[in-house]
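>>> Generate coordinates for the sequence data below:
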Amino acid sequence: MAGWLMFVPHAGQKQEDVPPPEQSPRRRPPMLNPAVMIVGGFLVLVLVVAFAALLFTNPKEEHDDIPFASATQQVQRATQTAVAWCEMSVLQEPQCSDPRQILFTAECDGDSDMYVVNADGCNLHKLVQNQDDDWYPLPSPDGTRIAFSMLGTTASGGQTDDIYVMNRDGSDLHNWTHAPTNSEGQFSWSPDGSRIVYVGYQRDAFSNIYTVSAGQSEQIFADNGTFDSMPAWSPDGKWLVYQSQQISGDPAFTNYDIFQTDGSAPRNLTATEDRSESEPSWSPDGTRIAYFADQSYFIPDAYWICVRDLTEADPLCWPSGAHGSSVQAVGAPVWSPDGTRLLFTARGRNSLDIFLLDLTAGSVRNLTRNRAYDGSPGWSPDGRWITFISRQTGSSDLFRMDADGTDMVNLTRHGADDLNYSWSPDSQSIVFVSYRSGRPALFIINADGTALHQITNPGAAGYQNPVWLP
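Model (predicted):
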């Protein structure tokens with residue numbers, strides 16, 4: 001064992017091979033020098049003390065990887081280390097200098113919990129103390145409250161998702177939905193922060209759109225026995241659009257239409273029988289909606305991206321691929337802050353690429369055009385940058401380009417995956433989840449690619465949903 005010294009006589013040496021001393025007249029042994037005796041005694045004492053220290057030192061305190069520990073002991077020790085490590089702040093006062101806050105979920109103690117941390121890694125703390133799973137934290141528009149989904153257990157032993165709301169410091173926690181359906185999801189705040197819209201999933205697998213205010217749920221329209229999903233508020237909060245599955249003449253054709261409602265009878269904006277419309281999103285000024293249209297059941301490779309002016313009867317649609325070639329669009333279109341362009345992800349024959357629709361020029365352009373996965377497109381809040389995740393280097397990296405699609409830069413070039421990013425409200429920084437430490441942790445980088453730094457310790461089973469608090 002490392003750290004131990006053992007003295008063993010040479011195995012080949014035999015005492016009988018040593019010749020006996022010659023007999024000589026008896027002599028008086030010489031007297032030793034007193035100084036030599038003192039030094040020799042001191043050296044002997046030092047050796048004895050050193051040997052005793054080695055003998056009684058517990059090797060487990062020096063090496064925590066003792067092979068004799070049981071599997072259960074090793075798991076317990078690893079769990080304790082993970083909990084303590086991932087809940088420790090990276091920095092402490094007086095090193096703290098960036099008070100901007102980031103909200104996220106992490107699995108530190110067996111369930112998903114909600115945390116908040118400063119942008120420099122200081123003041124990490126848990127917001128909710130419970131044994132349930134907390135997911136998808138969403139700050140209110142003014143940043144004073146946080147909505148999130150909590151996976152709980154019903155009285156009969158089943159599971160249900162409820163939407164909870166609390167203050168940004170974790171106080172005044174309330175269940176806003178009380179499970180009128182089996183599960184709630186796809187929720188978002190109204191622009192004034194007074195209401196939440198969500199999808200209620202029924203036990204018979206159907207879903208409907210609900211709004212809730214101060215804990216009182218209100219179904220937007222009567223249960224129509226179909227699938228309603230993807231609700232989106234208009235910027236002024238007066239309208240909602242959503243997608244709804246409609247009855248089709250061909251049972252094999254799944255037909256979705258886009259509806260608009262202010263709480264009264266919904267209006268079908270895309271009443272077509274040979275094309276399915278989905279993934280609606282509002283323009284920043286609230287006058288138009290963008291959505292995807294799929295006609296491939298009747299016409300091979302017929303995929304479109306459409307924009308509908310709500311004051312006009314017919315939408316404008318473009319093939320979702322560049323140069324007139326149609327590729328299948330995937331994910332909701334993302335409006336630029338000035339409302340002149342749309343980003344979307346589309347699936348080609350070999351990969352996913354990022355496309356840009358210029359509404360002024362009426363053109364669609366492939367921005368990435370490679371055989372790797374490219375996804376999760378987004379705009380910086382000031383509209384200057386486009387960001388996305390790409391596997392061009394073999395691992396997931398965060399890329400940035402100018403708003404016109406030029407000057408592409410890999411911000412986080414690393415052999416490990418970087419993903420799940422979020423822009424700061426001031427467009428200066430990006431937070432993301434990285435596996436470069438071996439286990440997931442949160443990192444921040446400036447928009448220009450400088451000042452990369454880690455703000456949480458690795459050790460949690462998973463970091464998810466990082467979002468900046470306003």
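>>> wait, what's in contact with residue 151?
Residues in contact with residue 151 (CB atoms under 8 Å, 6 or more residues apart in numbering) are 132-135, 159-161. (Each C-beta comes from the backbone N, C-alpha and C, glycine too.)
>>> Can you tell me which of those are classed as buried?
Neighbour counting over the contacts of residue 151 (16 or more other CB atoms under 10 Å) leaves 132-135, 160-161 as the buried ones.
>>> ok, back up a step: can you list the contacts of residue 151 in JSON lines and add secondary structure and pLDDT?
Formatted as JSON lines, the contacts of residue 151 follow (DSSP: H, G, I helix; E, B strand; the rest coil; pLDDT from 0 to 100):
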{"residue": "132", "secondary structure": "coil", "pLDDT": "77"}
{"residue": "133", "secondary structure": "strand", "pLDDT": "81"}
{"residue": "134", "secondary structure": "strand", "pLDDT": "82"}
{"residue": "135", "secondary structure": "strand", "pLDDT": "82"}
{"residue": "159", "secondary structure": "strand", "pLDDT": "70"}
{"residue": "160", "secondary structure": "strand", "pLDDT": "73"}
{"residue": "161", "secondary structure": "strand", "pLDDT": "80"}
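>>> Can you pick out the most distant pair from the buried ones among the contacts of residue 151?
Across the buried ones among the contacts of residue 151, no pair lies farther apart than 134 and 160, at 14.0 Å, counting by CB to CB.
>>> How many neighbouring residues does residue 187 have?
If you count neighbours by other CB atoms under 10 Å, residue 187 ends up with 22.
>>> Tell me what the closest residue to it other than its chain neighbours is bridged to.
Of all residues not flanking residue 187 in the chain, residue 198 sits nearest, at 3.8 Å (CB to CB, 6 or more residues apart in numbering). For residue 198, the beta-bridge partners under DSSP bridges are residue 210.
>>> what do you get for residue 430?
With DSSP bridges as the rule, residue 430 is bridged to residue 423, residue 445.
>>> So it sits against residue 418, correct?
No. With contact defined as CB atoms under 8 Å, residue 430 does not reach residue 418; the gap is 10.0 Å.
>>> got any residues that touch both of those two?
Shared contacts of residue 430 and residue 418, defined by CB under 8 Å, 6+ apart, comprise residue 398.
>>> all strands for the stretch 201-350 of the chain, in order.
207-213, 216-219, 228-233, 240-246, 255-261, 267-268, 276-282, 288-294, 303-309, 316-319, 328-335, 341-347 (DSSP state E, counting those that start in this stretch).
>>> which one of these lies closest to residue 444?
Residue 444 lies closest to strand 328-335 among the strands of the stretch 201-350 of the chain, at 22.0 Å (CB to CB).
>>> And the contacts of that closest one?
Here strand 328-335 has contacts from 230, 279-284, 290-292, 294, 296, 301, 303-305, 320, 341-347, 352, 355, 357, 375, 377-379, using CB under 8 Å, 6+ apart.
>>> Pull out the buried residues from these.
Applying 16+ other CB under 10 Å to the contacts of strand 328-335 flags 230, 279-283, 290-292, 294, 303-305, 320, 341-347, 352, 355, 357, 375, 377-379 as buried.
>>> now the strands of the stretch 201-350 of the chain as TSV including mean pLDDT?
Output for these, formatted as TSV (pLDDT from 0 to 100):
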stretch	mean pLDDT
strand 207-213	88
strand 216-219	74
strand 228-233	94
strand 240-246	92
strand 255-261	92
strand 267-268	90
strand 276-282	95
strand 288-294	95
strand 303-309	93
strand 316-319	88
strand 328-335	84
strand 341-347	92
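>>> Now that we have those strands, can you turn them into CSV and tack on distance to residue 422?
Shown next, in CSV, are these (distance: least, CB to CB, whole Å):
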stretch, distance to residue 422
strand 207-213, 25
strand 216-219, 29
strand 228-233, 19
strand 240-246, 24
strand 255-261, 27
strand 267-268, 34
strand 276-282, 18
strand 288-294, 22
strand 303-309, 25
strand 316-319, 29
strand 328-335, 14
strand 341-347, 16
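>>> looking at these, which is closest to residue 191?
Between residue 191 and these, the shortest gap by CB to CB is with strand 228-233, which sits at 6.1 Å.
>>> May I see the buried residues of that closest one?
228-233.
>>> so what does it touch, helix or strand wise?
strand 183-189, strand 196-201, strand 207-213, strand 240-246, strand 276-282 (3 or more CB pairs under 8 Å, 6 or more residues apart in numbering; DSSP states H and E).
>>> can I assume residue 106 is in contact with residue 466?
No. Counting by CB under 8 Å, residue 106 sits too far from residue 466 to count as a contact (9.8 Å).
>>> Tell me the confidence at residue 421?
With respect to pLDDT, residue 421 has a value of 97.
>>> Doesn't it belong to a strand?
Yes. Counting by DSSP: H, G, I helix; E, B strand; the rest coil, residue 421 is located in a strand.
>>> element containing the residue nearest to it when sequence neighbours are not counted?
Among residues not flanking residue 421 along the chain, residue 432 sits closest, at 3.9 Å (CB to CB, 6+ apart). If you go by DSSP states H and E, residue 432 is part of strand 429-434.
>>> so how far is that strand off the chain centroid?
9 Å (CA atoms, centre = their mean, to the nearest Å).
>>> can you check stretch 304-318 too?
34 Å.
>>> for it, how far is the first residue from the last?
5 Å (CA to CA, to the nearest Å).
>>> what's it in contact with?
Taking CB under 8 Å, 6+ apart as the rule, stretch 304-318 contacts 258, 260, 269-270, 275, 277, 283, 287-295, 319-320, 326, 329, 333, 342, 344, 357, 359, 362, 364.
>>> Could I get the contacting residues of the residue nearest to residue 187?
Residue 198 touches 163, 177, 184-188, 209-212, 231, counting by CB under 8 Å, 6+ apart.
>>> for residue 426, same thing?
residue 381.
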